[in-house]
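Enquirer: Build me a structure from this.
(one chain, ligands or ions: 1)
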Amino acid sequence: MSFTKAMGEVVRLPVQHADHANDPVLDLDAPQTASRNAGAGAPPSDPPKLIPSPFSDPGNRDGEADGDDGEVIEGRVLVDQPHAYRPDVTARRLAGESAKRRPIIAPWLRDPNEARATIRWAVGYAGHVTGYHAARIPLYSLRLALRSPRGLYRVAAGTWRWTYDIESRPLRTHAIDRNNDDAYLKLMSERNDRVRARLFVTSAGLAGTGLAAAAVAAASGLTQTVVLAAMVAVLGWLGTPKDKRILDTAVTATKAPKLTSDVVVRALASLGIAEINRAVGKGGEGIAFPSPITRDGPGWRSDIDLPHDVTADAIMEKRKELASGLRRPIGCVWPEAGEEEEHAGRLVLWVGDRPMAKVKQPAWPLAKVGKVDLFTPAPFGTDQRGRFTDVTLMFVSVIIGAIPRMGKTFILRLLALIAALDVRAELHLYDLKGTGDLSALEPVAHAYRAGDDDEDIAYALTDMRALRKEMRRRTKVIRELPKDRCPENKVTTELASDKTLGLHPIVIAVDECQVWFEHKKHGAEFEEICTDLAKRGPATGIVLILATQRPDKAAIPTPISGVAGMRICLKVMDHTANDLILGTSAHKTGLKATMFSLNDKGICYLRGEGDAARIVRSMYIDAPAAETIALRARAMRTATGYLTGYAAGTDLDTTNDSDDGATLLTDITSVTTDTEDKIWSHVIVDRLAELRPPVYGPWAVRPEGASDAEHKTAKATTLAAALKPHGIRTVQVNRTAPNGERENSRGIVRAHILDALDNAATPGR
Ligand SMILES: Nc1ncnc2c1ncn2[C@@H]1O[C@H](COP(=O)(O)OP(=O)(O)OP(=O)(O)O)[C@@H](O)[C@H]1O
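Expert: Okay, the predicted model is just below:
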């Protein structure tokens with residue numbers, strides 16, 4: 001392999017083997033030319049020389065060549081193609097598209113809440129500083145008065161030195177010391193001239209001062225006081241020693257240290273990750289900063305490209321060590337994976353000035369005024385930068401998980417308060433821990449229970465069964481609405497406000513939901529109803545919120561966790577719990593609620609609002625504040641005629657719960673499809689037995705010695721008896737069986753079941 005240099009450009013030439021000695025030398029930029037030459041058959045006797053093309057001549061950029069592109073001219077090949085000198089617009093556009101544009105307007109100015117908060121802070125700060133100093137005016141006056149004689153002395157001495165040119169005395173002394181008569185005489189002459197002129201200026205100044213003093217003496221007492229005060233202030237200021245101040249300090253700032261690339265690299269190197277140490281050992285190569293470290297809210301943001309074999313996950317796992325390496329409290333240090341389109345080694349490190357849990361949160365905008373439309377976002381918490389983060393409760397089911405004492409109940413109560421402030425929302429609240437954490441919301445609850453005694457469970461079961469019926473009624477109402485009123489086949493805020501339709505939002509909030517799902521007798525039914533509500537409820541305006549302090553499959557069954565649209569995860573201990581709440585593979589993709597510390601109370605990952613999951617500190621609303629807000633919500637409901645159920649003194653009647661039949665009817669609809677208008681009874685019984693073996697299993701057991709036909713008849717008889725109380729009769733169904741034979745057996749008409757369910761459904765309100 002040989003290299004040659006043409007016009008400053010290195011061109012690689014192919015090896016010239018003996019048997020290819022006569023091959024043409026290839027133009028690397030123009031393979032077509034080479035192949036054309038090669039294909040010519042007879043190799044030229046002299047290999048063409050490589051020359052820079054005329055386009056490489058800056059004076060010939062317009063591309064006027066002696067021959068075509070890449071042509072052989074007198075046995076020479078042009079290696080530079082014209083396009084090499086044209087600006088590559090596409091490449092530039094592509095590079096521009098992938099480049100990140102920094103915001104023209106600072107982010108805090110674009111967010112109205114943040115801008116308001118900043119302006120509020122600035123006004124408050126200015127007010128405090130003004131008040132602080134105003135209160136100390138007498139002290140400052142005394143200080144100035146005491147220092148003014150010294151100031152007067154400094155003015156007099158300074159004037160004397162200037163007038164008599166004292167500064168140049170060392171020069172004259174130097175001339176005398178060196179017996180330099182000429183220099184001395186010259187200096188003296190200059191000094192005399194200067195002193196003469198300055199004496200004149202000083203005399204004029206003194207005369208002016210005397211006149212001013214006479215004018216002030218003749219003026220009013222107020223003028224004299226003002227002038228005297230100004231003189232004392234100026235002289236006091238001039239008399240202040242260099243190491244002393246006139247004003248005291250109104251605000252002592254605890255300034256957080258600046259985040260620099262050196263600090264970040266040092267902290268990363270302290271994590272004990274071999275690949276990072278290797279990269280740092282090479283002088284920091286391998287850790288890159290794709291954009292400058294900047295202030296971002298009350299902290300610093302650093303985007304970091306980790307060494308090639310290190311992922312952002314590995315750093316997030318070591319948040320505590322990273323905080324130690326940065327010499328900052330752990331609550332200040334928030335490593336996150338870069339955005340989805342970035343590579344796995346992109347780390348976004350945000351280091352706050354103060355721990356997130358300790359930063360004073362702005363007041364909840366809904367604490368004192370305002371109402372909510374559950375179809376639009378409502379403030380839920382603040383992010384690390386102190387900006388409000390919203391949630392939209394409509395059309396999602398919510399799961400909340402954490403280890404105990406991290407703020408799960410506070411979040412559940414906050415969401416219930418948000419719902420309470422939408423007067424249309426019907427609240428069904430269950431505090432299964434039984435400590436009364438949700439009692440603040442009793443004044444607005446449509447259904448409410450604290451505890452897990454038998455009667456509490458019976459109450460909840462009655463309510464949940466009724467809610468499932470309500471959901472069925474709603475699906476029918478929505479189905480029958482004209483397309484122009486309900487184009488998406490789901491509730492809209494306008495439909496929710498139409499009282500005649502009964503499509504108002506229903507919010508069911510359950511704390512410690514594992515108590516329901518692990519209930520020996522009714523666990524399966526709770527699970528089944530909640531799964532149904534979680535799946536089909538959102539479109540009909542029903543929102544199910546489940547919270548548990550033990551996030552596992554028993555506490556939140558997989559069919560429910562699988563469909564939850566909003567996920568809120570505070571600190572958890574392992575990745576299984578993490579993924580159950582935040583979704584499959586969440587831990588792997590960098591959503592790690594395991595990295596929260598025990599001090600991160602109320603801090604959670606919020607997934608389901610917007611595209612990306614976010615770290616949020618929920619608004620801190622304690623019980624007394626929650627009571628005040630709930631009373632305001634109650635007043636709003638009373639005024640608009642929306643106070644119902646428990647809060648209005650008309651609680652659920654659990655003695656009249658005739659849901660067993662409705663459950664059967666619902667089960668039949670869930671084991672059949674819309675396309676099956678008539679179905680044999682024995683087929684339905686088999687499907688029911690499969691759906692809920694403990695309940696329907698016995699219906700499908702073959703009586704001893706019974707033939708197939710007798711077994712079918714026994715199943716049909718059992719089903720007919722169970723349907724009779726609901727006024728549903730079985731009919732003869734003549735169909736072709738899967739084995740191809742015609743069969744005429746008892747069966748049901750599916751529409752009869754749907755009609756019975758619709759008739760049984762409770763009206764909205
Ligand atoms: N947003 C918040 N900011 C600061 N502290 C909070 C926040 N939310 C909750 N806390 C604190 O966390 C503590 C525990 O809250 P909470 O009772 O909601 O926990 P929990 O997870 O429901 O506990 P348990 O599982 O035992 O019921 C509260 O006493 C409160 O002081």
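
Enquirer: Find the closest residue to the ligand in the protein.
Expert: Closest contact between the chain and the ligand, by Cβ to the nearest ligand atom, is at Gly602 (2.3 Å). For the C-beta atoms, the positions are set from N, CA and C on the backbone; glycine is no exception.

Enquirer: Run a quick neighbour tally on that residue.
Expert: Neighbours of Gly602 under the rule other Cβ atoms under 10 Å: 21.

Enquirer: hang on, it packs against Arg413?
Expert: No - checked against Cβ atoms under 8 Å, the pair Gly602 and Arg413 is beyond contact range at 11.6 Å.

Enquirer: Give me the three-state assignment for Lys242.
Expert: When classified by DSSP: H, G, I helix; E, B strand; the rest coil, Lys242 comes out as coil.

Enquirer: Would you mind measuring from it to Ser270?
Expert: Separation of Lys242 from Ser270 (Cβ to Cβ, to the nearest Å) stands at 42 Å.

Enquirer: which bits of the protein sit near the ligand?
Expert: The interface of the chain toward the ligand, taken as Cβ under 6 Å from any ligand atom, is made up of 357, 402, 404-410, 433, 549, 601-602, 617-618, 620.

Enquirer: Helices - which of these land there?
Expert: Cross-referencing the residues of the chain next to the ligand against helices under DSSP state H gives Lys408, Thr409, Phe410.

Enquirer: Would you agree Ser497 is in contact with Arg424?
Expert: Yes - between Ser497 and Arg424 there is a contact under Cβ under 8 Å: 6.4 Å.

Enquirer: Tell me which of the two has more neighbours.
Expert: It is Arg424, of Ser497 and Arg424, that has more neighbours when counted by other Cβ under 10 Å, with 21 against 13.

Enquirer: Doesn't the more buried one lie inside a helix?
Expert: No - under three-state DSSP, Arg424 falls outside any helix and is assigned coil.

Enquirer: Could you check which helix or strand contains the closest residue to it other than its chain neighbours?
Expert: In space, and not counting its chain neighbours, Arg424 is closest to His504: 4.2 Å by Cβ to Cβ, 6 or more residues apart in numbering. Assigned by DSSP states H and E, His504 falls within no helix or strand.

Enquirer: Let me see the mean pLDDT of stretch 468-485.
Expert: For stretch 468-485, mean pLDDT rounds to 90.

Enquirer: Which residues belonging to it are considered buried?
Expert: Neighbour counts over stretch 468-485 (16 or more other Cβ atoms under 10 Å) mark Arg468, Lys469, Glu470, Met471, Arg472, Arg473, Arg474, Thr475, Val477, Ile478, Leu481 as buried.

Enquirer: circling back to that earlier point, what subset of the residues of the chain next to the ligand is buried?
Expert: Counted by 16+ other Cβ under 10 Å, those give 357, 402, 406-410, 433, 549, 601-602, 617-618 as buried.

Enquirer: Can you read off the backbone torsions of the spatially most central residue of the chain?
Expert: The chain has Arg614 as the residue nearest its centroid, 3.0 Å off, counting by Cα atoms, centre = their mean. For Arg614, the backbone dihedrals are phi -130, psi 150 (criterion: degrees, to the nearest 10).

Enquirer: one step back: and Lys242 and Ser270? which has more neighbours close in?
Expert: More neighbours surround Ser270 than the other of Lys242 and Ser270, with 17 against 4 (other Cβ under 10 Å).

Enquirer: and that one, what pLDDT?
Expert: Here the pLDDT value assigned to Ser270 is 91.

Enquirer: quick one on the thing from earlier: verify the contact between the residue nearest to the centre of the chain and Asp383 for me.
Expert: Yes - if you go by Cβ under 8 Å, Arg614 and Asp383 touch, sitting 6.1 Å apart.

Enquirer: Show me where the stretch 651-765 of the chain has its helices.
Expert: Taking DSSP state H, counting those that start in this stretch as the test, the helices found in the stretch 651-765 of the chain are 659-671, 681-691, 693-696, 708-723, 750-760.
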